[in-house]
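A.B. asks: Below is the structure, and that's it, no one-letter string:
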């Protein structure tokens, strides 16, 4: 998540953070642990994505995002959802 441009306020857990901006190495954000916890539902991911302002993916524990040579690929045997900004 630290490689994305933003993580969303729900994921900021350090007190000294002025906002939810991160490194911005990639141009999309990630909502991890989809359906792994009560507060990580598809509805929660939809609310998060509506506020994040960049393309994003909600991914479960069986999903990874591969970035190589400028190409982004979702690798999954589970559930994931793509959101456009």
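C.D. replies: Yep, it's here. In this text, all values refer to a predicted model and were calculated from it rather than measured experimentally.
A.B. asks: What about residue 78, how many residues nearby?
C.D. replies: Neighbouring residues of residue 78 were enumerated by other C-beta atoms under 10 Å; the total is 12. Quick note: C-beta positions are derived from backbone N, CA and C, even for glycine.
A.B. asks: same check, this time on residue 28
C.D. replies: The number of residues packed around residue 28, counting by other C-beta under 10 Å, is 20.
A.B. asks: what's near enough to touch the nearest residue to it once chain neighbours are set aside?
C.D. replies: Closest residue in space to residue 28, ignoring its immediate chain neighbours: residue 55 at 4.6 Å, by C-beta to C-beta, 6 or more residues apart in numbering. Remark: with contacts taken as C-beta atoms under 8 Å, 6 or more residues apart in numbering, residue 55 is in contact with 27-29, 82-85.
A.B. asks: Next, give phi and psi for residue 21.
C.D. replies: phi -70, psi 150 (degrees, to the nearest 10).
A.B. asks: Any idea what it is bridged to?
C.D. replies: Note on residue 21: beta-bridge partners by DSSP bridges are residue 6.
A.B. asks: close enough to count as contact, it and residue 5?
C.D. replies: Yes. Counting by C-beta atoms under 8 Å, a contact exists between residue 21 and residue 5, whose distance comes to 6.9 Å.
A.B. asks: of these two, who's got more company?
C.D. replies: Set side by side, residue 21 and residue 5 give different neighbour counts by other C-beta under 10 Å, the larger being at residue 5 (19 against 12).
A.B. asks: thinking the more buried one is in contact with residue 29, fair?
C.D. replies: Yes. Residue 5 is in contact with residue 29 according to C-beta under 8 Å; the separation is 6.5 Å.
A.B. asks: Find the residues that touch each one of those two.
C.D. replies: residue 54.
A.B. asks: Now do the contacts for the spatially most central residue of the chain.
C.D. replies: Most central in the chain under C-alpha atoms, centre = their mean is residue 30, positioned 1.1 Å from the mean C-alpha point. Under the criterion of C-beta under 8 Å, 6+ apart, the neighbours of residue 30 are 1, 4, 7, 56-59, 65.
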